[in-house]
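# here is a sequence together with a model predicted from it:
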Amino acid sequence: PITDAGAFYAGVDVESALQEIGDGTTLDSRYLKIANNLSDLNNVATARTNLGLVAGGAGDIWVEKAGDVMTGALVITPDSDTTSILQVNQADTTVVFNVDTTNARVGIGTATPAGSLTIQNLTGAIVNANYLQIVGATANNINLPGIEFKGGVGLSQYGGIQSNSSGVGISIRTGKNVTTLTLQQNIFMYSGDSGAGIDAYTDIKTNTTTIARFRADGNVAIGNGLIVPAARLHVKGTADDEVFIVQANATQIANIVEIQASDTTPLVVVDGAGQVGIGIASPQELLHVGAGIDGSDITATDLLVTRAGPSNLSVRDSTNDVETFLFASSVGGIMGTVTNDPLNIQ
C-alpha cells in the first residue's frame, strides 16, 4: 500500500490518471513521466544520473553513466528487418560500424555492406592504414593461425594483394606442429613490374639443409645446399656420388633421353638400346651423327655418319690450325674394313 501520499505531486489522482511520479514538490523536478498509454518513456530529466538511463526522444533509450556494468546477453530483435538496426558513428556522424538484418550483413567503415562482412577504409589513405589486421596468438613457441577458412571458397581476391613492406611482403607457409599446406587447385602468381616481383619457392629439406628448391621463375635446384639454380635444372653432386641417372624400363622402346629444338626437332637422343643420335631421332648405330636414316653396310659399327650429301670426316690440330686427318667422299668409300691393317684402304 501507498502510505505517504505527500510523496506524490499534489493534485494527482493516482487511480484515474497515473501520469506523473515526482518528488512531491514541482513538475520541473519530476524523476519520471509515464504517458497515459504507458508505452513511452518520454522525459527523464534530473534523475538520469541516478538511473543511468536516458531517453532522448520517442523510442530512443541508451545507457549513459560511465562505469555501468551490464550482465547477461544483449539480444536485439527488430519488429521488422532493417538495413541499419545497430550503428556506431564517429563524432562527425561518419559510420564506423553498421549491422544490416535485412541482408544479414555487417559493415565496418560503411553503412551499406555489400557482403556478409564488408571492411572499407574510411579515409582512402594507403599509408599506415590497416583495413583488416588479424594477429594470431603464440603458445609454446607456435604461431597459432589468426584466421581459418572452412568450406567453399576460402579466400577470393579480385583486386590483387598488395604489400608495402620492404621485407617479405606476403608469406604463406606452414610452421612447427601445424598442419601442412594442401592445395587442391593451382596458385597463379605474376608480377606486373619489370623487377623480380615474385620471389617464391618451395624447399625440400633434411633437417635444416635444403636438398631441392623449386622456384617461381621455373628454375629447379637439386643438391645439398644449392638454393640459387643457374639454369632451368641445376643439379649439384656431393662427394663422389652419381649426379644424374636415367634408368630405362625393361621393355623400353622410346628414347630414354631426348634434347629438342624449339620446334621439337630432336637434337640429341639416347634410345632404349643405349645408342646415341646427334641430329637424328632414331640412331642406327652406337653413335649416329647426321640426318640420314640409311644404316651401315656392316654390323657392329661404332660410329655412323650419314648426310644427305657428301660425307666428310675431319680431325684437326686446333693448336697449329692444320688438318691432321680428312676423309671426304662424294660417292662413298671403305677404310680399314675386312683387314687387320687399318691403313689398308679398299
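Alright, I've got the coordinates.

# domain map for the chain?
Under the assignment automatic domain parsing, the domains of the chain span 5-63, 79-120, 201-240, 257-329.

# neighbouring strands - and their directions - for the host helix or strand of residue 87?
In the assignment (DSSP states H and E), residue 87 maps to strand 86-89. Sheet pairing of strand 86-89 (DSSP bridges) gives strand 95-100 (antiparallel).

# in the strand it pairs with, which residues are buried?
By 16 or more other CB atoms under 10 Å, the buried positions in strand 95-100 come out as 95, 98, 99, 100. C-beta here means a position set from N, CA and C on the backbone, and glycine is covered the same way.

# swap in stretch 236-254?
Buried, per 16+ other CB under 10 Å, within stretch 236-254: residue 248.

# so for the helix or strand harbouring residue 269, mean pLDDT?
Assigned by DSSP H and E, residue 269 falls within strand 266-270. The average pLDDT for strand 266-270 rounds to 93.

# by contact count, what packs against that strand?
In terms of contacts (3 or more CB pairs under 8 Å, 6 or more residues apart in numbering; DSSP states H and E), strand 266-270 is packed against strand 257-260, strand 276-278.

# tell me the strands beside the first one, with direction?
Applying DSSP bridges, strand 257-260 is found paired with strand 266-270 (antiparallel).

# need the contact partners of the partner strand.
Contacts of strand 266-270 from elsewhere in the structure, counted by CB atoms under 8 Å, 6 or more residues apart in numbering, are 246, 255-261, 276-283.

# who wins on neighbours among the residues you listed?
residue 283 (26 neighbours; other CB atoms under 10 Å).

# ok, that residue touching residue 271?
Yes - between residue 283 and residue 271 there is a contact at 6.0 Å, judged by CB atoms under 8 Å.

# now for the two: what residues contact both?
residue 277.

# so where's the stretch 1-150 of the chain uncertain?
The stretch 1-150 of the chain contains residues with pLDDT under 70 at 1-66, 68, 122-150.

# same deal with the stretch 151-300 of the chain?
Where the stretch 151-300 of the chain drops to pLDDT under 70, the residues are 151-200, 292-300.

# quick one: residues contacting residue 219.
Listed by CB under 8 Å, 6+ apart, the contact set of residue 219 reads 229, 231, 232, 233, 234.

# for residue 201, see how far away the last one is.
As for residue 234, its distance to residue 201 is 13 Å (criterion: CB to CB, to the nearest Å).

# now do the fourth one
Noted for residue 233: a distance of 15 Å to residue 201, by CB to CB.

# which one of those two is surrounded by more residues?
Neighbours were counted for residue 233 and for residue 201 using other CB under 10 Å; residue 201 has more, 16 against 12.

# okay, now the nearest residue to the more buried one once chain neighbours are set aside: neighbour count?
Spatial nearest neighbour of residue 201, excluding adjacent residues (CB to CB, 6 or more residues apart in numbering): residue 215 at 4.6 Å. Using other CB under 10 Å, residue 215 has 16 other residues around it.

# check residue 69 too.
Neighbourhood size, residue 69 [other CB under 10 Å]: 5.

# same question for residue 222.
By other CB under 10 Å, neighbour count at residue 222 equals 19.

# ok, it - contacts?
When contacts are counted by CB under 8 Å, 6+ apart, residue 222 is found next to 211, 212, 233, 234, 235, 236.

# please identify the helix or strand for residue 314.
Counting by DSSP H and E, the element that carries residue 314 is strand 311-317.

# in its sheet, what does that strand sit against?
strand 322-329 (antiparallel).

# sorry, back to before: in the strand holding residue 269, what's buried?
Going by neighbour count (16+ other CB under 10 Å), the buried part of strand 266-270 is 266, 269, 270.

# stretch 207-223 now?
In stretch 207-223, counting by 16+ other CB under 10 Å, buried: 210, 211, 212, 213, 215, 216, 219, 220, 221, 222, 223.

# re the thing from before, could I get the buried residues of strand 266-270 as CSV with distance to residue 86?
What follows is these, written out as CSV (distance: CB to CB, whole Å):
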residue, distance to residue 86
266, 72
269, 73
270, 74
